[in-house]
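Participant: after the sequence you'll find the predicted model.
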Amino acid sequence: MELKHLRTFRAVVDQGSYQRAAESLGYTQSTVTTQIQKLEESLGVPLFEREGRRMVLTETGRQALEQARELLSAADRLLEIGRANQRPAGILRVDMAETLLCYQMQGVIRTFRAEAPQVRLILRSRNCLQIAENVRLGNCDLGVGYDMDWSRDALEVESLGEYEIVLLAAPDFSSPDFVTPGQNKPVSLVTDEPDSIFRRRLEAYLQGRNITLDETLELWSIETIKRCVMSNLGFTFLPRFVAKEELAAGTLLELDAPVSGLRLPALCAWRKDRWKNPAMELFLRLLRENLRGPCGGEESG
């Protein structure tokens, strides 16, 4: 039995198929198939069985997976003993919510590069649902975003403070009342993709008050959303820190409504069975130092 076979076994389960496991590991699909067969031969039992077009774990496979995760975690810790006094190296993959990546991470990234020049840092902007799933599947090492019922069964989750989410519009916005129920407002919501946590929370509020809108302008860039709102093409719902300069300059205003000022926790997550290497530990320390401001995160960045 070899550790690489156990890692392949774990990847097949986490990725959901031999093909996706091969892609994540940089193997061919035939290599993955061969390694699983060798592992089954070593154990003397089948790990998977076919249900229709899907391969699912046998009962023995589920038991073996739990033991494999413990062994791989122990192996990772053992490997790190010899590296404990070395500078961080290797690759660190971090998926992050766009608002945090664009407006709160400059100090973290700058310091990380200075303290870990040998680490290749890969940062990707993702929505919060994707972040949790990518961490769970092992497609990234760390995930940083807002809480969207991230599963605690497989993920270790740490709070990084809270951020205010506010209703924003241009000074000459024509319909600022978002308090009175039962309105049909002739305005547009300027927002991002349907899975955005800000969009979901705002749409739930509007539905609860029976407030309907003319249309939704769906854009995929926070800066583009801000510019459209400043041009009075509609209103939006974003973290206050995203519009700090515009609010100070008066080019954007906060609208008065119960939903404005909602506080959402920012979280960092990693797999429970994943050993935190020096690069991960450094990045986590910098997140804690930079995002946990004296007002729950609002003063940082």
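Facilitator: Happy to help now that I have it. Numbers count the residues shown, from 1 in each chain.
Participant: all strands of the chain, in order?
Facilitator: Assigned by DSSP state E, the strands in the chain fall at 48-51, 54-57, 90-96, 119-125, 142-146, 155-169, 184-191, 212-218, 236-239, 253-254, 262-271.
Participant: shaky segments in the stretch 201-301 of the chain?
Facilitator: Within the stretch 201-301 of the chain, the stretches with pLDDT under 70 are 292-301.
Participant: so which residues of it form helices?
Facilitator: 222-230, 244-249, 278-291 (DSSP state H, counting those that start in this stretch).
Participant: now the shortest one, how far from the centre of its chain.
Facilitator: Per CA atoms, centre = their mean, to the nearest Å, the displacement of helix 244-249 from the mean C-alpha position of its chain is 27 Å.
Participant: report the central residue of this structure.
Facilitator: Geometric centre of the chain, nearest residue: residue 131, 2.8 Å, by CA atoms, centre = their mean.
Participant: that one and residue 141 touch, don't they?
Facilitator: No. Judged on CB atoms under 8 Å, residue 131 makes no contact with residue 141 at a distance of 11.8 Å. Any C-beta I mention is one placed from the backbone N, CA and C, and that applies to glycine too.
Participant: which ones are touching residue 255?
Facilitator: Residues in contact with residue 255, defined by CB atoms under 8 Å, 6 or more residues apart in numbering, are 166, 167, 168, 169, 173, 176, 178, 235.
Participant: nearest to residue 249 among those?
Facilitator: residue 168 (12.9 Å; CB to CB).
Participant: so what's the closest one up against?
Facilitator: 226, 229, 235-238, 243, 246-247, 252-255.
Participant: in the sheet, who's paired with it?
Facilitator: Under DSSP bridges, the beta-bridge partners of residue 168 are residue 236, residue 254.
Participant: now it: how far from residue 152?
Facilitator: 32 Å (CB to CB, to the nearest Å).
Participant: give me the neighbour count for the nearest residue to residue 163 once chain neighbours are set aside.
Facilitator: Leaving aside its sequence neighbours, residue 163 sits nearest to residue 239 (CB to CB, 6 or more residues apart in numbering; 4.8 Å). When neighbours are counted by other CB atoms under 10 Å, residue 239 registers 24.
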